[in-house]
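> Pasting the sequence and the predicted model now:
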Protein chains: 2
Amino acid sequence: MPEMLNRQFILAARPQGPARLSDFKQVETPVPAPTDGQVLVRNTHFSIDPYQRNLMGNGSSEWPAIDIGDPMGGPTIGVVEDSRNADFAVGDNVQTWSGWQDFATSDGTDLRKLDADEAPLSTALGPLGLPGFTAWYGMTKVHAFKPGGTLVVTGAAGGVGSIAAQLGKLRGLRVVGVAGGAAKTAYLRDHLGLAEAIDYKAADFKEQVERALPDGIDAFFENVGGPIFPVLMEYFNKDAKMVVCGTIADYSKTELPDGPNYLPRLITLIHYRFVDIKAFATPYVIDTFPEFLSELTPLVASGKIRYREEFVDGFARLPETLLTLFDGSHSGKKLIVRAD
Amino acid sequence: MPEMLNRQFILAARPQGPARLSDFKQVETPVPAPTDGQVLVRNTHFSIDPYQRNLMGNGSSEWPAIDIGDPMGGPTIGVVEDSRNADFAVGDNVQTWSGWQDFATSDGTDLRKLDADEAPLSTALGPLGLPGFTAWYGMTKVHAFKPGGTLVVTGAAGGVGSIAAQLGKLRGLRVVGVAGGAAKTAYLRDHLGLAEAIDYKAADFKEQVERALPDGIDAFFENVGGPIFPVLMEYFNKDAKMVVCGTIADYSKTELPDGPNYLPRLITLIHYRFVDIKAFATPYVIDTFPEFLSELTPLVASGKIRYREEFVDGFARLPETLLTLFDGSHSGKKLIVRAD
């Protein structure tokens, strides 16, 4: 930190369509002083996640959006710099929800103390943070996916999808991952050990789907949306269960895509095959976070659940790093921006 | 009956697209003789229902389809003509599943004895038969629709929709019915007492929707499909529940409609507002039929649940009467063909 000012990226405008750099504005404010019962946290690592597009507002969502002028939201990892709260000591590592700013005060209720001996601190933003929680909740609390069936995970190489796919494996499902490009599908097969990996960017995508799903789809974990779903939905079996966790391909769309119109076909498939489609949002179910941690921490610490991270250095690069999630350039690794 | 032969309409071909008269063939076979434990039933009333299109096969459904050459399926009302089963006497009125034929034998396990003093016999094919059961199951067992919310029922003047709408009212929901034409919407408002009725054929359909749904949609009972759903789905509230009971507008489609493609928008709405969409099929849940009858029989007998019937005379008119369900000429009343 060159000077003791609190750098913040505030939301300058609600995007209409894709988020742009101009939707954010960097400002500097005084470092807040903790009052009795509070701690001052300095953020060192900032999580970059697709759902942050929804935090910026999207016009039709029940996801909580942040206000214009407020710091951009998201989880961080930080260090307690000053404490007037008996539960925290200077130097404690914590996970916060304070968003894109160097410093924030807290009464401690929204902080999670991290133990670097238990798992690498960065996992608190990935497999042991919101992405892992999202995968766990969708795979655990939304539907009872039955062992033995075929689970399809889209965005399977990503921060949420890769955890969902591995949880599916651990729960006895035959897991088929969908991702874009040969590098990601190789990762799914060779490192995550999925039964099949489908490359939605390949010319023979439909043939890959046909080969990978000889017994249809019993469980579907949707992270992506876009044009690949109408191909996959034809494989729904009777009583198939689908959880809509995200639709990253569609978050920024402002116009309906051209036809044909697949909606009546989806409704007909739901009707004919008794497909059950549900969704959820983590802010409304965060009370189950401790249950998630108790299941996932040993799995991550022991390497039974694998993850990949990509670090970007420099507070100033937060906005541009977020935008890479939506422009197709993202590797699928969990993105973390480190403060300079 | 001019001669003692068993007239049958058998399935001659599986329709590709809309069902046609040529998909049925009338044949005459000997009247079957009951063996020990069996009864012989003569059918007097044949139920005509949209789901019968699915019985003919549709290429992608988990609904049980009948075989080519077998009598067309469906519930009937009949009279026991001969009995070698102690549980049934000659002259008993029964509801059967014997389909489109004059006579059928049964061991009694698939027969329901009817009491004309309890409710008119014809109700066994309508509000106290499969249409009523379908409405009841969808409104009772699929989702827990909460009192106080707004329920939208499409096809609300029809045999299933009108029962679902009235059950919604009885359970404390604000019910908005959608139907085609002024006569049907007047029926919904004036006879069924729904809060609002929307005419999907009206030029100001979208304005009617806007006026009828000031508080959005919490519960949705879908019977229709087709182009009106994309208009309605925008009104889903957070945690809205939808049951897909039927998609009569889409049963016979063999090609996808032109765009725009509303599917990504539906998935996004499910994601943003945590909409839960489910479906069911009565053949798989028929074990709850007695529970349905115990709730609905007093409601129908007392007039708290109303119904409308339209009788067509002549066995030979069964196929043409079924086709009226799909060509837009149907009044919405429960169609029953009487044997000559």
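Done, it's in.

> Report how many residues lie close to residue A:71.
By the measure other Cβ atoms under 10 Å in any protein chain shown, the count of residues near residue A:71 is 21. Heads up, the C-betas are built off the backbone N, CA and C, glycines and all.

> Now for it: which residues touch it?
Contacts for residue A:71 (Cβ atoms under 8 Å, 6 or more residues apart in numbering or on different chains) come out as A:8-11, A:98-101.

> Tell me the one among the residues you listed nearest to chain B.
residue A:11 (18.5 Å; Cβ to the nearest Cβ).

> That closest one: neighbouring residues, count only.
Neighbourhood size, residue A:11 [other Cβ under 10 Å]: 24.

> Chain neighbours aside, what residue packs nearest to whichever residue of the stretch 151-300 of chain A sits closest to chain B?
As assessed by Cβ to the nearest Cβ, chain B sits closest to residue A:259 within the stretch 151-300 of chain A, at 1.9 Å. Nearest residue to residue A:259, sequence neighbours excluded (Cβ to Cβ, 6 or more residues apart in numbering or on different chains): residue B:259, at 1.9 Å.

> Where does the prediction get shaky in the stretch 1-150 of chain A?
Scanning the stretch 1-150 of chain A with the threshold set as pLDDT under 70 gives A:1-3.

> Residues of it that sit close to chain B?
A:54, A:58, A:60-63 (Cβ under 8 Å from any Cβ of the partner chain).

> Whichever of those end up buried, select them in ChimeraX.
The buried subset of the residues of the stretch 1-150 of chain A next to chain B, as determined by 16 or more other Cβ atoms under 10 Å in any protein chain shown, is captured in ChimeraX by this line:
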select /A:54,58,61,62,63
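
> List just the nearest of the residues of the stretch 1-150 of chain A next to chain B to residue A:311.
Set against residue A:311, the nearest of those by Cβ to Cβ is residue A:54 (24.1 Å).

> what helix or strand is the closest one on?
helix A:52-55 (DSSP states H and E).

> Show me the contact partners of the following helix or strand past that helix.
Once helix A:52-55 ends, the next helix or strand along the chain (criterion: DSSP H and E) is strand A:76-83. With contacts defined as Cβ under 8 Å, 6+ apart, strand A:76-83 is touched by A:34, A:39-47, A:88-99, A:103-104, A:114, A:121-122, A:124-125.

> One more pass at 7 Å, please.
Outside strand A:76-83, the residues within contact range by Cβ atoms under 7 Å, 6 or more residues apart in numbering or on different chains are A:34, A:39-47, A:88-96, A:98, A:114, A:121, A:124-125.

> cool, stretch A:46-57 as well?
With contact meaning Cβ under 7 Å, 6+ apart, stretch A:46-57 is reached by A:11, A:14-15, A:19, A:23, A:61, A:63, A:65-66, A:73-76, A:100, A:125, A:129-131, A:159, A:246, A:248, A:251-252, A:318, A:321-322, A:325-326, A:335-337.

> what's the answer for stretch A:121-135, then?
Under the criterion Cβ under 7 Å, 6+ apart, residues A:45, A:47, A:49, A:75, A:77, A:93, A:95, A:112, A:114, A:119, A:159-160, A:163-164, A:167, A:245, A:282, A:289, A:292-293, A:296-297, A:300, A:305, A:307, A:309, A:334, A:336 lie in contact with stretch A:121-135.
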